[in-house]
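Chemist: Quick one, fold the following:
(one chain, ligands or ions: 1)
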Amino acid sequence: MEAAKDRVVVMEYSLKDDKGNLIDSSEGQGPLAFIQGLGHIIPGLERIIEGKKAGDKFEAIIAAKDGYGEYNPQMIQKIPKSQFQDGEKLEEGMQFEVETEWGPALLTVTEIEGEEVTVDGNHPLAGVGLHFDIEIVEVREATEEELAHGHVHGKGGHQH
Ligand code: ZN
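Modeler: Here you go, the predicted model:
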């Protein structure tokens, strides 16, 4: 069976950046299961997986724009410390999830200078070319229940 919209794809993967640093891997945590065609994985990768079958092993090289997006300098902002709930406890490297008009975004504190806090709203992998090594473990039809819930049940998915 080939990977196509509304089918469950189970895969082992490792992800490196364009400099060869390991970012993430299914090794040790078990394969990842998702429903193809629902945008659960980055768009560039979903396109490459379309049509693949169990046992297929391949590399996928995804440009930043098809991955976590280009790095956008406008998403760096300076905010007064007084606007944070616990302004005095802020440290560089801290991350917060905030609601924006485009949905939830992760803000990273990149610099604290006196009363001024610099935050970066870019995804930590924005601007990074992605290099996946993938092995498709299984492709199957999603059950009606999985499609209704919008996620995979069982191994590699939700356990409920
Ligand atoms: Zn469910």
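
Chemist: chain center to the helix or strand of the chain with the lowest mean pLDDT: distance?
Modeler: The weakest-scoring helix or strand in the chain, judged by mean pLDDT, DSSP states H and E, is strand 95-100 (a mean of 83). When C-alpha coordinates are averaged (CA atoms, centre = their mean, to the nearest Å), strand 95-100 and its chain have centres 15 Å apart.

Chemist: for that strand, packing partners?
Modeler: When contacts are defined as 3 or more CB pairs under 8 Å, 6 or more residues apart in numbering; DSSP states H and E, strand 95-100 packs onto strand 103-113. Glycine gets a C-beta too; all of them are placed from N, C-alpha and C.

Chemist: Can you give me the domain boundaries for this structure?
Modeler: Split into domains by automatic domain parsing, the chain comes to 7-64+127-149, 73-120.

Chemist: interface residues of the chain facing the ion?
Modeler: Residues of the chain found near the ion (CB under 5 Å from the ion) are 149, 158.

Chemist: need the strands for the chain, in chain order.
Modeler: 7-17, 22-25, 32-35, 57-62, 76-80, 95-100, 103-113, 116-120, 130-141 (DSSP state E).

Chemist: Can you redo those as TSV, where the extra columns are mean neighbour count and distance to residue 88?
Modeler: Formatted as TSV, the strands of the chain follow (neighbours: other CB atoms under 10 Å; distance: least, CB to CB, whole Å):
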stretch	mean neighbour count	distance to residue 88
strand 7-17	20	34
strand 22-25	13	33
strand 32-35	20	40
strand 57-62	14	40
strand 76-80	12	13
strand 95-100	10	15
strand 103-113	13	10
strand 116-120	18	11
strand 130-141	18	37
